[in-house]
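> Show me how the following folds:
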Amino acid sequence: MRYIFKSNTLLVFLFLGISFTAKAQTFGKGGINTVNSAVPFLRIVPDARGGAMGDVGIATSPDPNASFYNASKLAFAKRKLGISLSYAPWLRALGITDIYMAHFTGYYKISPNDIVHTSVKFFSLGDIDFTDAAGNAIGSGHPRELSVDAGYTRRLGKHFALGVAFRYIYSNLASGQNLGSEPIKAGNAFGADLSGTYNLDMTVGKKKMKANFMSGFAVTNMGTKIAYTANAREKDFIPANLGIGFGFRLQPNKYHEWGIYLDANKLLVPTPKAGDKDSNNILDFKEQSSIKGMFTSLGDAPTGFKEEMREWTMGIGTEYWYDHIFAVRAGYFLEAKDKGNRRFVSTGVGVKYSVFGLDFSYLIPTGGARNPLDNTFRFTLKFDFAKVGGNKPDDEGDDINPQTDKVDKATRKKLKKGAK
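Okay, here's the model as predicted:
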């Protein structure tokens, strides 16, 4: 792959997915030592709501895009059925118009405690002209990547839920080309997610304002390695990830709701080490199995604990809803300078009416590294087909405490008795 795209810096940047920076990688103290994986598109935040809040979503109120962040929180969704479609243009700041990511997701509550969900993520890298190391044309192609997953979430008691999901991953970057004498093929891999959520509704203050505290974890993309040639001596890790999130929402009255959220994420992929080779000339960390690599990644930074902590990314976001109709969002994302240096402010808005919702987000870079979403709008369409008519509250911005729904049901029973 490095040989084919050597003459085109942009293609190296896109296909290898080392990080969203053009700096050369060095090892050791004081150098850049990013944690690398194949198919990095799996970790790109797909929806405009999370994208507007610094890429947070593990402990936000449930919506159809929960399957990307933390599928277990779907157990606390107030609606029976939800779907969404997201679109994110890619590298528009560089004038490129044919690269984009699309994401479809949906969930259905089989019962109050059982939820099934699915999603499809498609990443198109446009039309590419391939060249050799000397810059000679060797053909063209249309690289693309795809993931499809299905999962199940179960509510275990009043406050806790667990979720599992299974994923198929397809990555076709340069099939039809050759790496030396070896034909390049599409890569295939399989992954799985495990997630959990703790959800607590409460009242605070003398006025007994409705509030909600949520915390969650998600271990995503645990799975097989991927390769792009039939006899590959080295296979690459997919981006297994550990995410932890916390969220707090406050609803002073029926017209206003405010939430603040914090996410921390770490790739469960081994950290590169200089000279870490034996007689076969393959980096030792690449010879680890996927499962072993996940566990060793928690303590393998070459310079110790401080570097290990720098491999965590942080996102903080806030969201305000007015009358369950209009939302304003903002957030900040932070990554260490020697681990990718992605730093940006994001903002966005959301509107909702009846079964229809629309979210927008915009990213403003603040670090030294370029981001493929620099100064780019993303949008998400959401639908709730479990209700019809009227402007009723949806999952986000809905009444926080479930007692509201219980009162509604009791009222309906009384009305039915009165009618009889």
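> any idea how far Arg249 lies from Gly57?
Applying C-beta to C-beta, to the nearest Å, the value for Arg249 to Gly57 is 14 Å. (Each C-beta comes from the backbone N, C-alpha and C, glycine too.)
> Show me which of these two is the more surrounded one.
Higher neighbour count among Arg249 and Gly57: Gly57, with 29 against 23, using other C-beta atoms under 10 Å.
> I figured the more buried one was touching Ser67, is that so?
No: using C-beta atoms under 8 Å, Gly57 is not in contact with Ser67, being 10.2 Å away.
> What residues of the strand of greatest length in the chain count as buried?
Criterion DSSP state E: the longest strand present in the chain is strand 187-204. Across strand 187-204, burial judged by 16 or more other C-beta atoms under 10 Å covers 187, 189, 191-199, 201.
> could you dump the residues you listed to JSON lines with pLDDT?
Formatted as JSON lines, these follow (pLDDT from 0 to 100):
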{"residue": "Gly187", "pLDDT": "93"}
{"residue": "Ala189", "pLDDT": "96"}
{"residue": "Gly191", "pLDDT": "97"}
{"residue": "Ala192", "pLDDT": "97"}
{"residue": "Asp193", "pLDDT": "98"}
{"residue": "Leu194", "pLDDT": "98"}
{"residue": "Ser195", "pLDDT": "98"}
{"residue": "Gly196", "pLDDT": "98"}
{"residue": "Thr197", "pLDDT": "98"}
{"residue": "Tyr198", "pLDDT": "98"}
{"residue": "Asn199", "pLDDT": "97"}
{"residue": "Asp201", "pLDDT": "95"}
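> ok, the nearest residue to Pro89 once chain neighbours are set aside - how many residues close by?
Excluding its sequence neighbours, the residue lying closest to Pro89 (C-beta to C-beta, 6 or more residues apart in numbering) is Tyr100, at 5.1 Å. By other C-beta under 10 Å, 17 other residues sit near Tyr100.
> I'd guessed Tyr100 sits against Leu91; true?
No: counting by C-beta under 8 Å, Tyr100 stays clear of Leu91, with 9.5 Å between them.
> Do a quick rundown of the strands in the stretch 1-150 of the chain.
Counting by DSSP state E, counting those that start in this stretch, the stretch 1-150 of the chain has strands at residues 81-89, 100-111, 114-124, 128-131, 137-141, 144-156.
> again but with the stretch 201-350 of the chain, I slipped
209-223, 241-253, 256-267, 312-322, 326-334, 343-353.
> Relative to Pro143, which of the ones you listed is closest?
Pro143 lies closest, by C-beta to C-beta, to one member of these: strand 209-223, at 20.1 Å.
> So for the closest one, what gets flagged as buried?
210-223.
> Give me the nearest residue to Leu146, chain neighbours excluded.
Nearest residue to Leu146 in three dimensions, chain neighbours excluded: Tyr170, at 4.5 Å (C-beta to C-beta, 6+ apart).
> Paired strands for the stretch of helix or strand the one you found belongs to, with orientation please.
Element membership for Tyr170, per DSSP states H and E: strand 160-172. Strand 160-172 pairs in its sheet with strand 144-156 (antiparallel), strand 187-204 (antiparallel), by DSSP bridges.
> TSV for the ones you listed, including distance to Arg378?
TSV is the format used below for the strands paired with strand 160-172 (distance: least, C-beta to C-beta, whole Å):
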stretch	distance to Arg378
strand 144-156	18
strand 187-204	23
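> My read is that Asn341 contacts Leu334, right?
No: applying C-beta under 8 Å as the test, Asn341 and Leu334 come out as separate, 9.7 Å apart.
> These two - which one has more neighbours?
Neighbours were counted for Asn341 and for Leu334 using other C-beta under 10 Å; Asn341 has more, 20 against 16.
> Can you tell me how far the residue sitting nearest the centre point of the chain is from Ile238?
For the chain, the residue nearest the mean C-alpha position is Val45 (3.8 Å; C-alpha atoms, centre = their mean). The spacing between Val45 and Ile238, counted by C-beta to C-beta, is 17 Å.
> what's the answer for Ser215, then?
26 Å.
> Then Ala66?
Ala66 is 21 Å from Ile238, by C-beta to C-beta.
> With neighbour numbers in mind, choose between these two.
Ala66 (34 against 29).
> The more buried one: what's it in contact with?
57, 73-74, 77, 107, 117 (C-beta atoms under 8 Å, 6 or more residues apart in numbering).
> And the pLDDT at it?
Confidence at Ala66, expressed as pLDDT, is 95.
> burial measure for Phe104, as a count.
For Phe104, using other C-beta under 10 Å, the count is 16.
> For the remainder of this discussion, apply numbering that starts at 402.
Okay, using 402 as the starting number, the last item reads as Phe505.
> CA-only coordinates of the longest strand of the chain in PDB, if you can.
Extracted C-alpha coordinates of strand 588-605, given in PDB (Å, rounded to 0.1, in the frame of the first residue of the first chain):
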ATOM      1  CA  GLY A 588     -10.100  -6.900   3.100                       C
ATOM      2  CA  ASN A 589     -12.800  -8.500   5.200                       C
ATOM      3  CA  ALA A 590     -13.100  -8.600   9.000                       C
ATOM      4  CA  PHE A 591     -15.600  -9.300  11.800                       C
ATOM      5  CA  GLY A 592     -16.100  -7.400  15.000                       C
ATOM      6  CA  ALA A 593     -18.300  -7.300  18.100                       C
ATOM      7  CA  ASP A 594     -19.500  -4.700  20.600                       C
ATOM      8  CA  LEU A 595     -20.300  -5.000  24.300                       C
ATOM      9  CA  SER A 596     -21.900  -2.100  26.100                       C
ATOM     10  CA  GLY A 597     -23.600  -1.200  29.400                       C
ATOM     11  CA  THR A 598     -25.600   1.700  30.800                       C
ATOM     12  CA  TYR A 599     -26.600   2.900  34.200                       C
ATOM     13  CA  ASN A 600     -29.600   5.300  34.100                       C
ATOM     14  CA  LEU A 601     -31.100   7.200  37.100                       C
ATOM     15  CA  ASP A 602     -34.000   9.600  37.000                       C
ATOM     16  CA  MET A 603     -34.300  11.900  40.000                       C
ATOM     17  CA  THR A 604     -35.500  15.300  41.200                       C
ATOM     18  CA  VAL A 605     -33.200  18.000  42.500                       C
END
